[in-house]
Each structure stands twice: as C-alpha cells, then as structure tokens.
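Trainee: please work out how this folds:
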Amino acid sequence: MAEISADSVTLDLLMEARETVRSSPLEVINTPMIPWCQTTLPLPMNCNIHIKLENLQRTGSFKIRGVANQFARKPRGGHFVTMSAGNYGKSFAYASKHYGSKGKVVMPETAPESRSVLIQSFGVEVERVPTSRLMSVVNRCVQEDNMTFLHSYDDLDLIAGHASLGLEVLEVTPEPDVVVVCCGGGGLLAGVAAAIKLSGCDETRIYGVEPEGACTMYKSFVEKKPVGMDTKSIASGLAPPFAGRLPYELCRRHVEEIVLVSDEQITAAVSALYGSGLVVEPSGCAAFAAIVNNKIPDMEAKNIVCILSGGNIGKDELANFPD
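Mentor: Numbering: from 1, shown residues only. Sure, this is the predicted structure:
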C-alpha cells in the first residue's frame with residue numbers, strides 16, 4: 001500500500017471528517033470564538049483578534065476532535081495503545097470507555113501525576129516512562145501484546161478530525177489574515193492549516209508556535225525533514241520527542257513559519273488568561289503567548305485568530321503560577 005502523504009489530504013476528506021466529528025457520540029463541541037475586545041485582556045496593538053476556546057471541549061482540549069474521527073474508523077472493542085503527555089490520553093481514555101475498547105497510555109515521566117490518575121479513572125492502563133523510551137514501549141505493546149497503535153499526532157484520521165477546528169474558524173471568520181496555532185507533534189497545526197488553505201484562503205498566513213525547549217517542528221523546518229530532540233518545557237503537551245512525518249509534510253506545504261516562545265512567556269500567558277477568567281493550560285496558550293509577545297509578523301490592522309487549545313490544568317499546577 002502506498003505511503004500516506006500530504007497529497008492524501010483533500011478538502012473532501014476533511015469535510016467528511018467534520019461530519020463524522022459533528023455526529024460523534026463523543027459529543028464534540030463547536031466551541032465559541034470570542035472577540036478579544038470583549039475580554040479584559042490588553043490588546044497588543046491595533047488589530048482584530050478572535051479567540052477560539054478549545055479549552056471548553058468536553059475533555060478539556062481539541063484532542064477529542066481527532067480521537068472522534070479515529071475511533072469512528074476502528075472496530076469496536078479493540079485493544080489500543082498510544083503515547084501521550086495527557087490531553088490525547090484523556091480523550092483516548094474517554095473514547096475507549098464509550099466504545100468498550102481496552103486501552104493503554106504510555107506517558108512521559110515529566111507529565112503531571114494528576115493526568116495519569118485522571119486517565120486511569122476511565123479504566124485505561126497507564127505506564128510512565130522516560131520520554132526517550134515512549135516509542136520503544138509502544139512497540140513492545142504492539143509486538144508482545146498484539147495491541148493496535150493509535151498515534152497521538154502523526155495519523156491521517158486524527159489530522160482530518162482536527163481539521164474540523166479550522167473549518168469552524170472559517171464559519172465565523174471566512175477570510176482571516178492570520179491564524180496562530182500551538183504545535184507539538186504537529187497534528188493540530190497540520191489539520192487547521194490544511195482546512196484553511198484547501199478551503200481557498202490562499203492569502204491567510206498560518207503560524208505554528210512551539211516552546212523554545214521543545215521545538216521539533218521548528219528544527220524540522222530548518223533541516224527540511226522531520227527530526228527529534230530531547231525536549232523540555234513547562235508545556236509538556238507540546239514536547240513530544242519528534243515531529244510527525246505527515247504533520248511535517250502538511251506544515252511545510254501550508255504553514256508560513258514556526259515561531260518560538262519561552263517557558264517564562266508561557267507562564268505569564270497562563271496567569272494573564274486566568275486573570276481574565278480563562279483557564280488555559282501551558283500547552284494551550286502558546287499561540288496567545290506568541291501574539292502578546294509580538295512574535296507574529298505584521299499584525300497591525302489585521303484579522304487574527306488565536307487558538308486556545310486546552311484547559312486541563314489542576315489546582316495544584318495553577319498554584320505554582322504567579323498572580
């Protein structure tokens with residue numbers, strides 16, 4: 001069978017996935033998009049910004065979109081394994097319980113313990129390992145325990161499901177000038193970018209945002225191939241050990257640039273959003289951090305969309321952030 005490539009991602013495929021996501025029994029929400037000017041957040045400059053609130057999804061992040069499309073295309077009652085720092089694992093566990101599937105999440109040891117406990121509460125097994133061993137443990141589960149691997153970011157069905165977010169953005173802002181999206185392995189960025197560009201928004205500039213200490217897609221752009229690195233960031237959900245191959249191909253085709261933010265800028269973003277009544281985890285506010293720190297070129301007088309991708313942060317974690 002031919003290897004899936006960026007050419008496999010068509011607008012028809014993404015529209016079909018959107019209908020699957022919309023009708024999913026997992027009850028994926030068409031999340032609100034609110035004007036920045038209707039919040040108490042300071043505007044960094046004279047521009048029109050809309051904020052897409054994926055932190056309001058039922059499982060607390062955008063990940064449920066891709067999971068809904070993945071599970072709709074798998075047999076019920078399967079035995080699946082994945083790797084995740086938390087958000088994908090939570091949606092995976094939620095779907096596993098609904099569909100009566102057995103599941104296991106291999107998590108990096110750096111992920112908050114509370115995420116492991118939450119995933120286990122859905123009846124899914126968790127194994128915590130060093131980040132460098134994630135794939136080797138997944139491979140062991142596939143080979144020795146006959147599990148099916150569901151990738152948390154490098155998967156066509158997953159990316160197509162995430163694209164539903166991009167199509168929703170266009171329903172509110174049909175021709176945005178700039179769209180800013182967080183990037184870890186690249187699944188969300190690839191899906192949103194493909195949805196917007198394939199819908200005919202040729203002039204829209206799409207930016208991915210990564211932490212400085214976990215910039216696999218940025219390095220992949222530099223080296224012109226998907227690469228890995230030893231990642232370390234307060235935004236654990238944006239710190240997989242390598243960029244996905246299919247996300248990389250799609251991002252190279254549709255994304256303007258990958259920009260970087262520091263952990264200090266991410267921390268300040270969490271606090272600023274919380275102070276305005278928005279609970280957003282570090283991994284979910286990278287796009288916001290890039291905008292307020294003027295990392296995005298040519299924003300003046302532009303129509304901009306900022307994705308807040310997740311809000312899974314516990315009281316214990318919030319207590320460590322400054323007021």
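
Trainee: my guess is residue 51 meets residue 306, correct?
Mentor: Yes - between residue 51 and residue 306 there is a contact under Cβ atoms under 8 Å: 5.1 Å. C-beta: built from backbone N, CA, C; applies to glycine.

Trainee: overlap in contacts of the two?
Mentor: 36, 288 (Cβ atoms under 8 Å, 6 or more residues apart in numbering).

Trainee: let me see the domain layout of this protein.
Mentor: With domains defined by automatic domain parsing, the chain comprises 6-61+155-318, 75-149.

Trainee: so for residue 67, which of these sits nearest?
Mentor: Distance to residue 67, taken as Cβ to Cβ, is lowest for domain 75-149 among the domains of the chain, at 4.2 Å.

Trainee: could you tell me the end-to-end distance of the closest one?
Mentor: With Cα to Cα, to the nearest Å as the measure, the first residue of domain 75-149 is 13 Å from its last.

Trainee: mean confidence score for it?
Mentor: Averaging pLDDT along domain 75-149 yields 91.

Trainee: again with stretch 181-201
Mentor: 97.

Trainee: sorry, back to before: can you lay out the domains of the chain as JSON lines showing distance to residue 67?
Mentor: Formatted as JSON lines, the domains of the chain follow (distance: least, Cβ to Cβ, whole Å):
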{"stretch": "domain 6-61+155-318", "distance to residue 67": "7"}
{"stretch": "domain 75-149", "distance to residue 67": "4"}
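
Trainee: for the ones you listed, could you give me JSON lines that also reports mean neighbour count and distance to residue 69?
Mentor: Shown next, in JSON lines, are the domains of the chain (neighbours: other Cβ atoms under 10 Å; distance: least, Cβ to Cβ, whole Å):
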{"stretch": "domain 6-61+155-318", "mean neighbour count": "21", "distance to residue 69": "3"}
{"stretch": "domain 75-149", "mean neighbour count": "19", "distance to residue 69": "10"}
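
Trainee: now the closest residue to residue 233 other than its chain neighbours: phi and psi?
Mentor: The shortest distance from residue 233 to any non-neighbouring residue, by Cβ to Cβ, 6 or more residues apart in numbering, is to residue 211 (3.7 Å). Per-residue torsions, residue 211: phi -70, psi 150 (degrees, to the nearest 10).

Trainee: now do residue 153
Mentor: According to degrees, to the nearest 10, residue 153 has phi -160, psi -20.

Trainee: which parts of the protein are strands?
Mentor: 33-35, 48-53, 79-83, 102-108, 125-129, 148-149, 178-182, 205-211, 257-261, 303-308 (DSSP state E).

Trainee: okay, those strands in CSV with distance to residue 199 next?
Mentor: Shown next, in CSV, are these (distance: least, Cβ to Cβ, whole Å):
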stretch, distance to residue 199
strand 33-35, 16
strand 48-53, 16
strand 79-83, 29
strand 102-108, 33
strand 125-129, 38
strand 148-149, 31
strand 178-182, 12
strand 205-211, 12
strand 257-261, 20
strand 303-308, 13
